[in-house]
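Peer 1: I would like to see how this sequence folds:
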Amino acid sequence: MAAHVRVFVIFTAAYFLSYFYRSANAVIAPDLARELALDASQLGLMTGLFFVAFAAVQLPLGVGLDRLGPRWVTSTLMLVGAVGSLLFASAHSFAALALGRALIGVGMAGVLMGALKAFSRWYSPLRYSVLSGLLVGIGSAGALVAATPLAWLNEVMGWRAVFGIGAMLVAGVAAAIALGTRNAPPGVLWRGQTVDLRALQAVFGDLRFWRMALLVFCTNGTLLAFQGLWAGPYLNDVYAVDAFTRGNVLLVLSAGVTAGFLLSGWLSTRLGLANVVAFGAALFIATQVMLALHPPPAVMALASALFGLSGGFTIMLLAQPRYVFPIAVTGQATAAVNLFAIGGAALVQWWMGLIVGRFPVVDARYPPESYGAALIATAISTAVMLIFYWPMRRSPA
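Peer 2: Model prediction:
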């Protein structure tokens, strides 16, 4: 396999695993709650720790990637994730489960940024944009495996075995990055770069940054909170469906996300990036309201697909800093926006659990009103931030 192809394949495999882990708890949440006696707030907090740890690593990660390169930084972090997956698989308490989930978050924190750093050295600017879009689109298919296939595997071997096997896969891909890739193509000398963190002062002092960061906090936060956890309990408690039906609906939702990721860049070049983000956010709000009203199953499945599609469109908020800030600070600006994207996933996931948990449990299920209240809260928050973001549509980008 040619070196350029090998770099793309290995890093895409790593991102596939990352997306699988961030989405897996939605299918196994009822089993986790039953086996370890977890309530809604504990489920939300534990699952959200993946994103807390992920976000905490982002800013130092950027420095490490620039100084040491993605080959060693990404592979080393993934080994931490493999340990976390083993701990999660063997956990018999909330504390052990939470620690394992947090370590998985640390392990996956360097995958996307590491891939983008590697691609920037291995590919021309034109190929970089195309391959980066393919990376996100193909890698997000990990959520498809974390739907019906995971539900089947959970029935056949149990979630503990799945996470044990996952640990071996993560370690294997980490080894492939360390042994099968390089920081730069053959003949190109790698030189570690020194990063001036004071540039972040200019980024955080710019109102345009906050328009992007706060909207992506709500859109990406809600998307990953629902896809990665609350869609499963929502389907279980509101519609009383079995694990395979939950998996099928999550498959439809995740397919929508993948389609949104793949289409967003193409649409942005034709309609304008900010217009695609604004349209996606508006549709995203509407789908949350639809789901909050717990419609008939067929309508719910359609709303889930549109929820994923429109949420996928807003991923362009991570590309927008390149068109807003000087090229010298684009990397740090993008990492800072990504910090809010991942931080939103952690906090929204937890906050939804707090809202759901305020309602009484009836026959071992939370009432439909609890999920409706959580979804209306996220819809209102997103609408407020969309209004704040709206002036960005006047930007040439």
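Peer 1: which pLDDT value goes with L126?
Peer 2: Listed pLDDT for L126 reads 61.
Peer 1: ok, now the one 4 residues further on?
Peer 2: Model confidence at V130, expressed as pLDDT, equals 68.
Peer 1: low-confidence ranges, the stretch 151-300 of the chain, go.
Peer 2: Residues of the stretch 151-300 of the chain meeting the criterion pLDDT under 70: 189-190, 192-197.
Peer 1: quick one, helices of it?
Peer 2: Assigned by DSSP state H, counting those that start in this stretch, the stretch 151-300 of the chain shows helices spanning 159-180, 199-204, 207-225, 231-238, 243-271, 273-292, 297-313.
Peer 1: what angle do helix 297-313 and the fourth one make with each other?
Peer 2: Okay, so that is helix 231-238. 160 degrees (axes from the mean of the first three to the mean of the last three Cα atoms, to 10 degrees).
Peer 1: if we can go back for a sec, a markdown table for the helices of the stretch 151-300 of the chain, including mean neighbour count and distance to G44?
Peer 2: Any C-beta I mention is one placed from the backbone N, CA and C, and that applies to glycine too. Listed next are these as a markdown table, based on neighbours: other Cβ atoms under 10 Å; distance: least, Cβ to Cβ, whole Å:
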| stretch | mean neighbour count | distance to G44 |
| --- | --- | --- |
| helix 159-180 | 18 | 18 |
| helix 199-204 | 16 | 28 |
| helix 207-225 | 24 | 8 |
| helix 231-238 | 25 | 10 |
| helix 243-271 | 20 | 17 |
| helix 273-292 | 21 | 17 |
| helix 297-313 | 21 | 19 |
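Peer 1: walk me through the domains of the chain.
Peer 2: Annotated domains of the chain cover 1-185, 200-397 [automatic domain parsing].
Peer 1: sorry, back to before: let's have the helices of the stretch 151-300 of the chain in JSON lines, adding distance to L45.
Peer 2: Conversion of the helices of the stretch 151-300 of the chain to JSON lines gives the following (distance: least, Cβ to Cβ, whole Å):
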{"stretch": "helix 159-180", "distance to L45": "18"}
{"stretch": "helix 199-204", "distance to L45": "27"}
{"stretch": "helix 207-225", "distance to L45": "12"}
{"stretch": "helix 231-238", "distance to L45": "14"}
{"stretch": "helix 243-271", "distance to L45": "21"}
{"stretch": "helix 273-292", "distance to L45": "22"}
{"stretch": "helix 297-313", "distance to L45": "22"}
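Peer 1: quick one, which of the ones you listed is nearest to L68?
Peer 2: When the helices of the stretch 151-300 of the chain are compared by Cβ to Cβ, helix 159-180 sits nearest L68, at 12.2 Å.
Peer 1: with only the CA atoms kept, save that closest one in CSV.
Peer 2: Only the C-alpha atoms of helix 159-180 are listed here, as CSV (Å, rounded to 0.1, in the frame of the first residue of the first chain):
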residue,chain,number,x,y,z
TRP,A,159,-21.3,-5.0,26.5
ARG,A,160,-18.3,-6.1,28.6
ALA,A,161,-16.9,-8.4,25.9
VAL,A,162,-17.5,-5.7,23.2
PHE,A,163,-15.5,-3.1,25.1
GLY,A,164,-12.8,-5.7,25.8
ILE,A,165,-12.5,-6.5,22.1
GLY,A,166,-12.6,-2.7,21.4
ALA,A,167,-9.6,-2.2,23.6
MET,A,168,-7.5,-4.6,21.5
LEU,A,169,-8.7,-2.9,18.3
VAL,A,170,-7.7,0.5,19.7
ALA,A,171,-4.3,-0.7,20.7
GLY,A,172,-3.8,-2.3,17.3
VAL,A,173,-4.6,1.0,15.5
ALA,A,174,-2.3,2.9,17.9
ALA,A,175,0.5,0.5,16.9
ALA,A,176,-0.3,1.0,13.2
ILE,A,177,0.0,4.8,13.6
ALA,A,178,3.3,4.5,15.4
LEU,A,179,4.8,1.9,13.1
GLY,A,180,3.0,2.6,9.8
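Peer 1: one step back: looking at the helices of the stretch 151-300 of the chain, which is nearest to M385?
Peer 2: Short answer: helix 207-225, nearest of the helices of the stretch 151-300 of the chain by Cβ to Cβ, at 4.5 Å.
Peer 1: other SSEs contacting the closest one?
Peer 2: In this structure, helix 207-225 packs against helix 273-292, helix 297-313, helix 321-324, helix 330-357, helix 368-389, with contacts taken as 3 or more Cβ pairs under 8 Å, 6 or more residues apart in numbering; DSSP states H and E.
Peer 1: of all the ones you listed, which lies closest to A255?
Peer 2: Using Cβ to Cβ, the nearest of these to A255 is helix 297-313, at 6.9 Å.
Peer 1: coming back round to it: quick one: closest of the helices of the stretch 151-300 of the chain to S132.
Peer 2: helix 243-271 (8.5 Å).
Peer 1: for that closest one, packing partners?
Peer 2: helix 25-36, helix 125-139, helix 142-145, helix 148-156, helix 231-238, helix 273-292, helix 297-313.
Peer 1: what's the angle between it and helix 207-225?
Peer 2: Using the same axes, to 10 degrees: helix 243-271 against helix 207-225 is 160 degrees.
Peer 1: how close does the closest residue to V136 other than its chain neighbours get to L179?
Peer 2: Excluding the flanking residues, the one nearest V136 by Cβ to Cβ, 6 or more residues apart in numbering is F261, at 5.0 Å. In this view, F261 and L179 are 29 Å apart by Cβ to Cβ, to the nearest Å.
Peer 1: check I285 too.
Peer 2: For I285, the distance to L179 - Cβ to Cβ - is 46 Å.
Peer 1: among the domains of the chain, which is nearest R191?
Peer 2: Judging those by Cβ to Cβ, what sits closest to R191 is domain 1-185, at 9.0 Å.
Peer 1: average pLDDT for stretch 18-33, rounded please.
Peer 2: pLDDT averaged over stretch 18-33 gives 88.
Peer 1: how about stretch 100-115?
Peer 2: Here the average pLDDT along stretch 100-115 is 92.
Peer 1: circling back: worst mean pLDDT among the helices and strands packed on helix 207-225?
Peer 2: Mean pLDDT values for the helices and strands packed on helix 207-225 show the minimum at helix 321-324, a mean of 78.
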